[in-house]
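Asks: Output the structure for:
(one chain, ligands or ions: 2)
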Amino acid sequence: MKPAITLKNLSKTYKVHQKEEGLKGSLKALFKRKYKTVKAVKNVSFKIKEGEIVGFMGPNGAGKTTTLKILSGLLHPTGGEVKVLGFNPYQRKNQFLKQIGLVMGQKNQLYWDLPPLETFNLNKEIYEIDKKTYKKTLDYLIKNLDIKKIIHNPSRTLSLGQRMKCEIANALIHTPKVLFLDEPTIGLDVVIQKKLRQFIKDYNQKHKATIILTSHYMGDFEELCKRLIVIDHGKLGYDGDFEKFIQQYAKEKRINLTFLKKVKKKDLAKLGKVVAFNPYKAAIRIKREETTSVAGKLLKKFPIDDIDISEISTESIVRKLFAKG
Ligand SMILES: Nc1ncnc2c1ncn2[C@@H]1O[C@H](COP(=O)(O)OP(=O)(O)O)[C@@H](O)[C@H]1O
Ligand SMILES: [Mg+2]
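Replies: Ligands and ions are numbered 1, 2, ... in the order given. Below you'll find the model as predicted:
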């Protein structure tokens, strides 16, 4: 089977206008512009099969959005080759655009003052979707994203979670075969995050869609991706099995604790590595597989006011990966 997505030595350099500070700098810049270059993506290669969901992880500024913009034809690469469904994305052929979808968690694609339904209707025309197909797709999206009650309200009046669901519906109105999801769950509460994951999973299965997903939440990858690609400073650091990655670089979880009474650090240290401590508030790191048993012991032995189990941040995991070379 031919891969749905191929990147070969992809590079992207931005040319950024550099201005010295103050009025003098502004005047100087009028006559002689200085540029500096930012290498956002450096020689990245990978292939993705049709129907695969791949997690794309990396800290802020790693080059994730740049890569997804190139894959969806919004940016021209500086070097290397890109093929998506056999197309060169940057040519932005209609036949290509009709088969891809892009969701950016940090950017609106819905018209701010219009109700989402009207943006959907506009896209029906742009994508030349026939009436019957459109109705069927719309019904599916409304039902599965649970957006019936909100699509008639102007986008600007929606909550972040509601808006994100509508952004996703909008990106799927033409049932794309390839979907780029750039931090679709950022800032959302856990309940909506879970719903969106379920929806993405269903969409992938129903349409054999190829999906690249970026996120700062391990949970998104855990739930959706068998394969993970990690980049930092534009360079590929890992491409492979998600479970193996976890075993190697994310063996621990973090438990954040608040106490009703003062506790002793040395008592806590018996259960895990204490990474933050004052007598009323602490955090410990523990082995992933021991989470439940340690949490049980904590609740039994300490005057717990609040307990919260979290993943080690993706940032520090990536730092660990690149430190190992
Ligand atoms: N339009 C732009 N002009 C100049 N530099 C940019 C632009 N967009 C992104 N960059 C830079 O490119 C690098 C990668 O950014 P980005 O792809 O947005 O990373 P990520 O999505 O992983 O946070 C960063 O150093 C960022 O500052
Ligand atoms: Mg980004």
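
Asks: For the closest residue to residue 213 other than its chain neighbours, pull up the helix or strand it's in.
Replies: Leaving out its chain neighbours, the residue that sits closest to residue 213 by Cβ to Cβ, 6 or more residues apart in numbering is residue 181, at 4.5 Å. The C-beta positions use only the backbone N, C-alpha and C, and glycine is treated the same way. Residue 181 is located in strand 178-182, with elements delineated by DSSP states H and E.

Asks: about what we covered before: near the residue nearest to residue 213, how many other residues are there?
Replies: Neighbourhood size, residue 181 [other Cβ atoms under 10 Å]: 26.

Asks: correct me, but it touches residue 204?
Replies: No: under the criterion of Cβ atoms under 8 Å, residue 181 is not in contact with residue 204, lying 10.7 Å apart.

Asks: any shared contact partners between those two?
Replies: Shared contacts of residue 181 and residue 204, defined by Cβ atoms under 8 Å, 6 or more residues apart in numbering, comprise residue 211.

Asks: just to revisit the earlier point, and the strand holding residue 181, what's its mean pLDDT?
Replies: Averaged over strand 178-182, pLDDT sits at 98.

Asks: ok, residues contacting it?
Replies: Strand 178-182 is contacted by residues 4-5, 64-65, 68, 71-72, 84-85, 99-106, 171-172, 200, 203, 209-214 when judged by Cβ under 8 Å, 6+ apart.

Asks: near ligand 2, anything from that strand?
Replies: No: Strand 178-182 is not in contact with ligand 2 by Cβ under 5 Å from the ion; minimum separation 5.9 Å.

Asks: buried sites along the following helix or strand past that strand?
Replies: Heading C-terminal from strand 178-182, the first helix or strand you meet, by DSSP H and E, is helix 190-207. Using 16 or more other Cβ atoms under 10 Å as the test for burial, helix 190-207 gives 192, 193, 195, 196, 197, 199, 200, 203, 204.

Asks: for stretch 311-320, same thing?
Replies: Buried-residue list, stretch 311-320, by 16+ other Cβ under 10 Å: 311, 312, 314, 317, 318.

Asks: I figured the fourth one was touching residue 250, is that so?
Replies: Translated: residue 317. Yes: with contact defined as Cβ under 8 Å, residue 317 counts as touching residue 250 (5.1 Å).

Asks: before we move on, the earlier item: out of the buried residues of stretch 311-320, list just those in strands.
Replies: In this view, those that belong to strands under DSSP state E are residue 311.

Asks: Could you pick out the residues of the protein near ligand 2 for me?
Replies: Counting by Cβ under 5 Å from the ion, the chain comes close to ligand 2 at 64, 65.

Asks: What ranges does the stretch 51-200 of the chain have for its strands?
Replies: For the stretch 51-200 of the chain, the strands defined by DSSP state E, counting those that start in this stretch occupy 53-57, 79-84, 100-104, 178-182.

Asks: What sits closest to residue 145 if chain neighbours are left out?
Replies: Leaving aside its chain neighbours, residue 145 sits nearest to residue 165 (4.5 Å; criterion: Cβ to Cβ, 6+ apart).

Asks: Any idea how many residues pack against that neighbour?
Replies: Using other Cβ under 10 Å, residue 165 has 27 neighbouring residues.
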